[in-house]
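# Quick one, structure for this:
(one chain, ligands or ions: 3)
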Amino acid sequence: MPAGKLTQPAPKGMRLQIGIFGRRNVGKSSLLNAITRQQVSIVSDQAGTTTDPVEKPMELQPIGPVLFIDTAGIDDEGALGGLRMARTRQVFDRVDVAVIVAEAGLWGKFEDELMGEFRRRGVPTVAVFNKADLNSAAPLVGIVAVRTEALAGRGIPELREALRQAVSPELLRDPAILGDLVGPGELAVLVVPIDKEAPKGRLILPQVQAIRDLLDSDSLCMVVKERELRTALCRLKSPPKLVVTDSQAFLKVAADTPDSVPMTSFSILFSRLKGDLTTQVEGAIAIDGLDSGDRVLIAEACSHHPVTDDIWRVKIPRWIRQYTGAAIEFDHCQGHDFPEDLSRYRLVVHCGACMWNRREMHARLRRCRDAAVPITNYGLTIAYTLGIFERALGPFPGVLERYRELRGCHV
Ligand SMILES: Nc1nc2c(ncn2[C@@H]2O[C@H](COP(=O)(O)OP(=O)(O)OP(=O)(O)O)[C@@H](O)[C@H]2O)c(=O)[nH]1
Ligand code: SF4
Ligand SMILES: [Mg+2]
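Ligands and ions are numbered 1, 2, ... in the order given. Modelled structure (predicted):
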């Protein structure tokens with residue numbers, strides 16, 4: 001089989017996400033097709049052809065793996081148009097670079113607003129004047145734009161170059177999952193339960209990414225189920241640098257790992273990688289303040305097939321209710337849907353968001369902060385309600401210290 005068939009494409013959350021925005025009919029989809037040299041998105045002279053965001057992963061050299069997202073026009077009208085624009089706005093939260101497309105010579109209020117929105121968010125932008133064949137007017141004062149003719153493929157190399165310039169090295173830097181905790185030649189033991197929630201024949205993304213990160217760091221890696229952990233640790237000549245477990249096996253793994261060996265969970269590592277560990281640790285403390293009748297939102301970044309004893313529908317609510325002894329109400333949301341109004345919630349419990357880029361998770365953290373609603377994550381919630389929070393934060397001394405400071409104020 002050719003090697004290409006055996007290689008997995010880069011996960012979406014690790015791709016640089018480039019959104020294409022603008023008014024209807026300016027040629028956004030035509031530009032995506034021209035850049036990718038494929039008919040990815042439907043093109044027509046009818047305004048409002050693109051409805052839901054269209055995603056296309058590709059290798060854009062020299063940047064690397066990117067995800068282009070073509071969107072519905074931002075000047076759409078009517079009730080349906082409003083829904084389409086809401087979908088487009090969701091994409092604002094996750095793009096690392098925004099391409100703002102206007103018809104040549106027709107830069108106006110909509111484009112200024114888009115530019116302002118992305119500036120506020122600190123997202124680099126590339127302005128494009130498309131349909132340059134229809135308008136050869138002199139460039140507009142104050143707007144630096146790439147001129148393109150998407151149908152003829154003209155200006156596309158210049159657009160690629162403008163994208164390259166917009167992408168700073170900082171945007172391309174992959175932060176470590178484990179590499180800074182487990183040095184070259186040191187060993188991490190990863191605990192992976194194989195239960196009915198585990199997908200058939202493979203490991204899930206956080207586990208795969210953790211293994212890859214250890215290999216990239218020249219570290220050693222041992223993968224065991226929770227039942228074999230004790231035997232595996234006994235067989236080692238020297239203790240591992242770190243044990244990382246699926247949060248659901250936290251209690252057993254904490255019991256089977258000697259106190260002298262640092263231990264945490266995949267979910268907590270991903271809170272640090274995609275979110276903000278300190279903010280989400282502060283959020284966990286809010287569990288203590290929950291009372292009967294309070295509502296908690298549980299948010300999962302991707303959609304699974306629900307399993308009977310599902311972690312987010314059954315286990316997390318059960319652990320929180322048991323810990324607080326209160327009759328708390330739980331709501332759930334999945335994927336890119338997130339309630340506009342967060343004011344009814346006393347807490348948001350989020351998954352590790354391994355499928356997402358950092359920007360999208362940070363947009364959620366910002367939304368929660370603006371609504372003054374604490375946000376924590378699955379692994380932190382489980383460790384907190386099971387009474388092993390400090391142990392699970394052991395590998396992150398700065399965050400642990402901050403937690404102890406906060407507890408000092410609260411107790
Ligand atoms: N003359 C000319 N026409 C173009 C060019 N690029 C796109 N078009 C035409 O403009 C029309 C709209 O193109 P689309 O790519 O569907 O535009 P869009 O911005 O994706 O439109 P919506 O999805 O409806 O928001 C189509 O008829 C295209 O053939 C160009 O560079 N020059
Ligand atoms: S639910 Fe969240 S953490 Fe789990 S696999 Fe999906 S994105 Fe990753
Ligand atoms: Mg379109």
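# Could you tell me the end-to-end distance of stretch 341-353?
21 Å (C-alpha to C-alpha, to the nearest Å).
# How about the contacts made by the residue in the stretch 151-300 of the chain positioned nearest to ligand 2?
Nearest to ligand 2, among the residues of the stretch 151-300 of the chain, is E300, at 4.5 Å (C-beta to the nearest ligand atom). Bear in mind the C-beta positions are built from the backbone N, C-alpha and C, glycine included. Contact analysis of E300 by C-beta atoms under 8 Å, 6 or more residues apart in numbering lists 312, 332-335, 350-351.
# Could you point out the helix or strand that follows the helix or strand bottoming out on mean pLDDT in the chain?
One helix or strand of the chain scores below all others by mean pLDDT, DSSP states H and E: helix 3-6, with a mean of 43. Scanning forward in sequence from helix 3-6 by DSSP states H and E, the next helix or strand is strand 16-22.
# Based on its surroundings, how many neighbours for the closest residue to P57 other than its chain neighbours?
Distances taken as C-beta to C-beta, 6 or more residues apart in numbering place L67 nearest to P57, at 5.0 Å, with adjacent residues excluded. Neighbour count of L67, defined by other C-beta atoms under 10 Å: 22.
# again with the one 4 residues further on
Neighbourhood size, T71 [other C-beta under 10 Å]: 28.
# Quick one, grab the pLDDT at it.
You'll see T71 listed with a pLDDT of 95.
# Number of residues surrounding T50?
By other C-beta under 10 Å, the residues close to T50 number 24.
# Contact residues of this protein facing ligand 1?
24-30, 43-45, 47-50, 72-73, 130-131, 133-134, 149-151 (C-beta under 6 Å from any ligand atom).
# let's see 5 Å
By C-beta under 5 Å from any ligand atom, the residues of the chain that approach ligand 1 are 24-30, 43, 45, 47-50, 73, 131, 149-151.
# same for ligand 3: which of these are within range?
Counting by C-beta under 5 Å from the ion, 28-29, 49-50 from those sit close to ligand 3.
# can you redo those as JSON lines with pLDDT?
Formatted as JSON lines, these follow (pLDDT from 0 to 100):
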{"residue": "K28", "pLDDT": "96"}
{"residue": "S29", "pLDDT": "97"}
{"residue": "T49", "pLDDT": "91"}
{"residue": "T50", "pLDDT": "92"}
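# Relative to ligand 2, which of the residues you listed is nearest.
Nearest to ligand 2 among these, counting by C-beta to the nearest ligand atom, is T50 at 25.7 Å.
# how about the strands in the stretch 301-411 of the chain?
329-334, 347-350, 375-377 (DSSP state E, counting those that start in this stretch).
# Any part of the host helix or strand of the residue nearest to P57 near ligand 3?
Element membership for L67 (DSSP H and E) is strand 64-70. No. Strand 64-70 does not reach ligand 3 (C-beta under 5 Å from the ion); its nearest approach is 5.9 Å.
# Tell me the buried residues in that strand?
Neighbour counts over strand 64-70 (16 or more other C-beta atoms under 10 Å) mark 66-70 as buried.
# can you pull the buried residues of stretch 168-181?
Buried-residue list, stretch 168-181, by 16+ other C-beta under 10 Å: 177-179, 181.
# Would you mind writing the CA trace of it as CSV?
What follows is stretch 168-181, C-alpha atoms only, in CSV (Å, rounded to 0.1, in the frame of the first residue of the first chain):
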residue,chain,number,x,y,z
SER,A,168,4.1,34.8,13.0
PRO,A,169,6.5,32.0,14.2
GLU,A,170,4.6,32.3,17.5
LEU,A,171,1.4,31.1,15.8
LEU,A,172,3.2,28.0,14.5
ARG,A,173,4.9,27.0,17.8
ASP,A,174,3.4,23.8,19.3
PRO,A,175,3.4,24.0,23.1
ALA,A,176,4.4,20.8,24.9
ILE,A,177,1.9,18.4,26.3
LEU,A,178,4.4,16.5,28.4
GLY,A,179,7.8,17.3,27.0
ASP,A,180,8.5,19.9,29.6
LEU,A,181,7.5,17.6,32.5
